[in-house]
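> Build me a structure from this.
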Amino acid sequence: MDRSDSNGCGSDDGSSSSAEELLLDDEGRVPFAGTLDYAFRSYTGALKLSGGGGAERDLQRARRDARSVFRVKEAGSEYGLSAGETYWMAADAEPRCALEALAQAIFKHHTRAARFDRAISGAEWWVQVIGGDDDIGWHWDKDYATEASGFNVHPHLATVTYLSDVGGPTVVLNKRDPVTCGDSLEGTITRCCLSRPAVGKHMCFDGRYLHGAPAALADIWPSKPGQKRPRSDDGDSRGGGGSAQADDDSAPGPDMRVTFLVNVWLNRHPESADPLDDSTVKTLCQDPFPIDLSEATLRAPTVLNVNSSSSARTREFRWEFGEVGGKDDSDDGNESDGEDAHAAAKRDDASDSSDSDGDAKLERHAIVLKLPVLALQEIGEGAVGGGSFEVHLKEGSFETRALAAGDGMVLGIHGA
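Below you'll find the model as predicted:
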């Protein structure tokens, strides 16, 4: 994916004259000074959480803390709070627990060549603890309060740090939504990047891109010894739904997909992200987790090209997601899971607090991917960290078009 720089706005740190001012550059990003690397890439050995001994203890405490924070999020939804809550670690703040220190370490590594206002920049972070056969639905990360005002503002970078080996790969499509909400989504998709989960692995990508973690794609690779694989390789690309919980305070079991997510925001603090509450912080580990991205092995993705001659070795996957009549209407457990829960809930919160006239959003998205399954399987089985891939699709393979569908609209991404 693209690698580009962003220029400042006339000040040394690249910040705008007002924190409330919406100022975007020609690429739809909040401006800053210096550079960022937006390319899709992964790091193996970023977190030293494998190899037995102390590393195994660190892994278990990281997974326990992830579950604790995830339970706080789920409990909040029962009391009318956002089920999609994310947390804020300001660039100029001192971490209070190991998870905040991890978020800040990731932020610092990726922004070391950038200049920005530290008072309004930082890491938006959260965790996902779901069953290995569940989906993280397709979505864009964004400031949902701004979306309620009619604009899409995305983080500069999105990152995933894996605390397990199970579940679907993170999939990133080079598909951006327009800066102005309601503008056409039509266009082509020519690249699909995949990152398989592996304990201690870290990956990052351009924060403007559509992404998800479809459980169906985990079936491309055979199960590892002792790894639960509840889905058979029967060609069904239907996603599961919902998160999974345990009945005790132990670390999540080996069949759970556990990830730590950090979005990098420069010169902008997304309105819905607040620091983790003090009462929860006191229950978490204080000693930092062993992360050193500067010493980790940076791995560029394996590039695979799909063309007409390789079509016989591809397999088609299909998902649907989006909103019909202003509410999420994804086929949970049928064609696909809905958009990521934190994204959906934050959109609802932003809509409730806005001055919107309540007009229904009648839109529906469909994604059809034809992936080189055999090549992915062969290369991935022997790859360190499970492998990361950049699939170049045949020109014109994917299009977005509007179709009449009852009382709504279907915005589809279709294969040729």
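
> okay, CA-based contacts and neighbour counts for the rest of this
Fine.

> Tell me the pLDDT of R208.
Among the per-residue scores, R208 shows a pLDDT of 96.

> so it makes contact with R176?
Yes: R208 is in contact with R176 according to C-alpha atoms under 8 Å; the separation is 5.8 Å.

> Comparing these two, which shows the higher neighbour count?
For R208 versus R176, neighbours defined as other C-alpha atoms under 10 Å are more numerous around R208 (26 against 18).

> can you tell me which residues contact the more buried one?
Contacts for R208 (C-alpha atoms under 8 Å, 6 or more residues apart in numbering) come out as 140-142, 154-157, 176-177.

> can you pick the most crowded of those residues?
H154 leads the contacts of R208 on contacts (other C-alpha under 10 Å) with 29 neighbours.

> any idea how far it lies from I291?
As judged by C-alpha to C-alpha, to the nearest Å, H154 and I291 stand 26 Å apart.

> Tell me where the model's unsure across the stretch 51-200 of the chain.
51-53, 73-84, 186-187 (pLDDT under 70).

> What ranges does it have for its strands?
For the stretch 51-200 of the chain, the strands defined by DSSP state E, counting those that start in this stretch cover 87-90, 114-115, 122-131, 136-139, 157-162, 170-176, 191-195.

> for the contacts of R208, which one is nearest A98?
Comparing these against A98 with C-alpha to C-alpha places L157 closest, at 21.4 Å.

> quick one: contacts for the nearest residue to that closest one once chain neighbours are set aside?
Residue nearest to L157 in three dimensions, not counting chain neighbours: G207, with 4.2 Å by C-alpha to C-alpha, 6 or more residues apart in numbering. By C-alpha under 8 Å, 6+ apart, the contact set of G207 is 140-141, 154-158, 263.

> residue ranges for the helices of this structure, please.
Along the chain, the segments classed as helices by DSSP state H run 54-78, 98-110, 144-147, 278-281, 341-352, 373-382.

> and the fifth one, what's its mean pLDDT?
What helix 341-352 shows for mean pLDDT is 55.

> Could you work out the end-to-end span of stretch 149-168 for me?
One end of stretch 149-168 sits 34 Å from the other (C-alpha to C-alpha).

> picking up where we left off before, out of the contacts of G207, which one sits closest to G167?
Set against G167, the nearest of the contacts of G207 by C-alpha to C-alpha is A158 (19.2 Å).

> do you know how far the closest one is from Q128?
Distance of A158 to Q128, computed by C-alpha to C-alpha: 14 Å.

> Same question for F321.
From F321 to Q128 the distance is 19 Å (C-alpha to C-alpha).

> Looking at the two now, which is surrounded by more residues?
Taking neighbours as other C-alpha under 10 Å, F321 and Q128 compare with F321 leading, 27 against 21.

> possible to save the contacts of R208 as a markdown table with distance to A123?
Formatted as a markdown table, the contacts of R208 follow (distance: C-alpha to C-alpha, whole Å):
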| residue | distance to A123 |
| --- | --- |
| W140 | 17 |
| D141 | 13 |
| K142 | 13 |
| H154 | 13 |
| P155 | 9 |
| H156 | 11 |
| L157 | 10 |
| R176 | 21 |
| D177 | 22 |
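
> of all the residues you listed, which comes closest to G212?
Of all the contacts of R208, G212 sits closest to W140, with 8.7 Å by C-alpha to C-alpha.

> which residues does the closest residue to that closest one other than its chain neighbours form a beta bridge with?
Once flanking residues are discounted, W140 sits nearest to L210: 4.9 Å by C-alpha to C-alpha, 6+ apart. On the basis of DSSP bridges, L210 is bridged to L173.

> Thought L185 was touching L210, still the case?
No: at 11.7 Å, L210 does not count as touching L185 under the criterion of C-alpha under 8 Å.

> which residue sits closest to L59, ignoring its sequence neighbours?
In space, L59 is closest to L49, 5.0 Å off (C-alpha to C-alpha, 6+ apart).

> any idea how far D135 is from the one you found?
In this view, L49 and D135 are 24 Å apart by C-alpha to C-alpha.

> Check A66 too.
Relative to D135, A66 is positioned 18 Å away (C-alpha to C-alpha).

> Would you mind telling me which of these two has the busier surroundings?
Counted by other C-alpha under 10 Å, A66 and D135 do not tie: D135 has more neighbours, with 31 against 23.

> what's the spacing between I136 and L266?
Applying C-alpha to C-alpha, the value for I136 to L266 is 25 Å.

> got it, and D143?
On the measure of C-alpha to C-alpha, D143 and L266 end up 13 Å apart.

> what is in contact with these two at once?
In contact with both D143 and L266: P155, using C-alpha under 8 Å, 6+ apart.

> higher neighbour count, those two?
Higher neighbour count among D143 and L266: L266, with 30 against 23, using other C-alpha under 10 Å.

> OK, contacts around that one?
Contact analysis of L266 by C-alpha under 8 Å, 6+ apart lists 30-32, 116-117, 120-122, 155-156.

> need the strands of the stretch 51-200 of the chain in JSON lines with distance to V258, can you?
What follows is the strands of the stretch 51-200 of the chain, written out as JSON lines (distance: least, C-alpha to C-alpha, whole Å):
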{"stretch": "strand 87-90", "distance to V258": "17"}
{"stretch": "strand 114-115", "distance to V258": "30"}
{"stretch": "strand 122-131", "distance to V258": "5"}
{"stretch": "strand 136-139", "distance to V258": "11"}
{"stretch": "strand 157-162", "distance to V258": "6"}
{"stretch": "strand 170-176", "distance to V258": "12"}
{"stretch": "strand 191-195", "distance to V258": "14"}
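
> Minimum distance to A218: which of the helices of the chain has it?
helix 373-382 (10.2 Å).
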